[in-house]
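1. Got a sequence here, can you model it:
(one chain, ligands or ions: 2)
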Amino acid sequence: MIRLSGIRKAYGKTVALDELELDVREGEFFCLLGPSGAGKTTTLKTIAGLEQPDSGTVVLGGEDMRGVEPYDRGVAMCFESYALYPHRSAYDNLASPLRSPRHRLPAAEARQRIGAIAELLGISGLLDRPVGQLSNGQRQRVALGRVLVRPARAFLLDEPLSHLDAKLRQQMRAELKAIGAVRRTTTLYVTHDSVEALALGDRIGAIREGRIVQTGTREEIWYRPHDTEVARAFGRPRINLLPGVVTESGVRADGGIELPVRAPAAPGTDVLVGLRPRDIALHGGEGHELSGTVYVTEVLGRSVEVTVRLGTGEQRVSLVAPGRTRRALVRTIPYGSRSGLRTCCCSRPTGRSDRDDG
Ligand code: ADP
Ligand code: MG
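-> Residues are numbered from 1 along each chain as shown. Ligands and ions are numbered 1, 2, ... in the order given. Okay, here's the model as predicted:
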């Protein structure tokens, strides 16, 4: 549906897009994730026809967009900077796309459509107010509504939830994909928030310095990151990356720690082993495969991040364990002959997290 090939765009000496390749399929919800300055907004503007690439092609629905005016491309873009009429009411801002010759709707139908979108975005009570008097979060929802209200062959959404407070953002994130217009329409969603990208994206593209470094499903991005930067960009707490060397039976990490992992490399090769904090389970008693000393614990709402120092070295791993308090979760026991050293051996959460497990 959206295909960008070899797109280059420079502003003076700044290269915003560097041979960018992107392929968004018909009907999918595609998230483009990257840090500030990566070229996300420039990508959307190039698709919308608001910026002309220095080279490369933009194809929408099989049609080359060279020479096609923004208005004729049939895409609706939601800008980071809102692009609203500040003196007009929220209602007028939502209605104006439906007054254009192309999308003109009978007044009653337009009213009904605007009402439905406003309801979904939680702005029904604000429709009479001039947009200039609204908060940033409210304006951002009007801007999003203005895009979703009209028929388009693709929606281009530029960080559309970034100005909402955390609770509303979470709620809107859950609801956005359920909006009928979004379900029916190819959507390219730009964000710098990896949680949003993982929650929303049918597929995700990681963009960096004007290039897409990896495209994949959340599983692929999560477990087969293209490089360490992509690995670190997704997931909080961040992935553990332990340097080590491949052996016959696994990987020996720095500090002599044996990791029973299958490495796709020959013995003797230097590697980094990635361990997702949420994939490391805590065991009590038998069968634990790594041991170490609790270095620090941090309560994250309903779970706890535990940082453990492995073996005797400086190698640390973070893990996330369910549970509300540290006491129920982390049981410390004396460790053999090394007096004074208390080694982490963590119980499975009992659910009775107010109990002191000793
Ligand atoms: P993102 O949306 O990922 O934060 P942008 O696409 O806005 O990134 O910008 C990519 C790069 O291009 C940045 O280095 C930015 O400073 C530069 N850039 C974007 N727009 C302009 C412009 N109109 N003039 C000059 N430089 C720009
Ligand atoms: Mg941007």
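2. Give me the neighbour count for the residue in the stretch 1-150 of the chain that ligand 2 sits nearest to.
-> Nearest to ligand 2 in the stretch 1-150 of the chain, going by Cβ to the ion, is residue 41, at a distance of 3.3 Å. In short, each C-beta sits where N, CA and C put it, glycine included. By the other Cβ atoms under 10 Å criterion, the neighbourhood of residue 41 contains 21 residues.
3. Now it: closest residue in space, sequence neighbours ignored.
-> Once flanking residues are discounted, residue 41 sits nearest to residue 158: 5.7 Å by Cβ to Cβ, 6 or more residues apart in numbering.
4. What of residue 196?
-> Per Cβ to Cβ, 6+ apart, closest to residue 196 is residue 173, 6.0 Å.
5. Next, the contact list for the residue nearest to residue 41, please.
-> Applying Cβ atoms under 8 Å, 6 or more residues apart in numbering, we find residue 158 in contact with 40, 41, 44, 77, 78, 79, 80, 190.
6. so which of those residues would you say is closest to residue 163?
-> residue 80 (9.0 Å; Cβ to Cβ).
7. Quick one: residues in contact with the helix or strand containing residue 93.
-> Counting by DSSP states H and E, the element that carries residue 93 is helix 90-95. Residues outside helix 90-95 that contact it (Cβ under 8 Å, 6+ apart) are 84-85, 110, 114, 117-118, 123, 126-131, 134, 138, 142, 145-146, 149.
8. Could you check how far the residue of the stretch 1-150 of the chain closest to ligand 2 is from residue 166?
-> For residue 41, the distance to residue 166 (Cβ to Cβ, to the nearest Å) stands at 23 Å.
9. Next: residue 137.
-> 11 Å.
10. Buried residues of the helix holding residue 93, list them for me.
-> By neighbour count with 16 or more other Cβ atoms under 10 Å, helix 90-95 contains the buried residues 90, 91, 92, 93, 94, 95.
11. Might you enumerate the residues of this structure proximal to ligand 1?
-> The chain has residues 11, 14, 16, 34, 36, 37, 38, 39, 40, 41, 42 near ligand 1, with proximity defined as Cβ under 6 Å from any ligand atom.
12. how about a cut-off of 5 Å?
-> 11, 14, 16, 36, 37, 38, 39, 40, 41, 42 (Cβ under 5 Å from any ligand atom).
13. which residues does the second one contact?
-> Translated: residue 14. So residue 14 contacts nothing (Cβ under 8 Å, 6+ apart).
14. and the closest residue to residue 102 other than its chain neighbours, helix, strand or coil?
-> Nearest non-adjacent residue to residue 102, counting by Cβ to Cβ, 6+ apart: residue 71, 7.8 Å away. In three-state terms, and counting by DSSP: H, G, I helix; E, B strand; the rest coil, residue 71 is helix.
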